[in-house]
Each structure stands twice: as C-alpha cells, then as structure tokens.
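In: 3D model of this:
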Amino acid sequence: MTTLSIILIVSLVIILVLGFVIVTNLLRQVEGLEDIVTDQVGYLRKVSYLIKDSKEHIEKLDSSGHFQVDDELGVFFNYMKQIQETADSYQLPENYGEKEE
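Out: Predicted coordinates:
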C-alpha cells in the first residue's frame, strides 16, 4: 500500500466517525427540544382552559345581574370583564399542538 492510500483510508475513517458523532449529537439535541415544546404546549393548553373556564364563570355572573354599574363592586366587575375580553384573545384553538397528518 502506498502512503496516499493509507492517508485516504485514515481520512475516510475519521470523516465517518466524526459524521456519526455529529449526527448523534444533533439527534439528541432535537429530541431535547421536542420535549421542551411538548411541555410548553401542555402549559399553554392549561392556560387556555383556565381562560375558557373563567370566561364561562364571568358570563354566568354577568347574566345573573348581581353586579350593578353604580356601586364599587359593579365597577370592579366591569374591569374584570374587560380583562377577560383581553385574555380571550390569547385562547388557543382546540387542536393546538396536535400532530398534523
């Protein structure tokens, strides 16, 4: 064997080993990021359900008419309705985070 053949074989082995190490490392990083995204989707879904539940509760309280605008509690309740309207804009769609096929 010539020196050139030995250098080519050693270079090829080094390239293959480095390629394997790099691909393995990238795969591990992607799997870690997928876990983070899954956790964040779960958190966002919980917040969205909380927003939905609070909207239903405020609507139920508002329909009963217990809070009048002329007293302090009524003013506070109107502020709560405005805050709820703002929070409603952050509610996620039902299929958020599900895998698309």
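
In: And the lengthiest helix in the chain, what does it pack against?
Out: Using DSSP state H to define each element, the chain has its longest helix at helix 3-64. On a contact count with 3 or more Cβ pairs under 8 Å, 6 or more residues apart in numbering; DSSP states H and E, helix 3-64 meets helix 72-88. The way it works is simple: take the backbone N, C-alpha and C, and place the C-beta from them, glycine included.

In: Can you name every helix or strand that the helix it packs on contacts?
Out: Checking 3+ Cβ pairs under 8 Å, 6+ apart, helix 72-88 ends up next to helix 3-64.

In: Do me a favour and average the pLDDT over the helix it packs on.
Out: Averaging pLDDT along helix 3-64 gives 92.

In: Now do that helix against helix 72-88, angle only.
Out: Angle of helix 3-64 versus helix 72-88, following axes from the mean of the first three to the mean of the last three Cα atoms, to 10 degrees, is 150 degrees.
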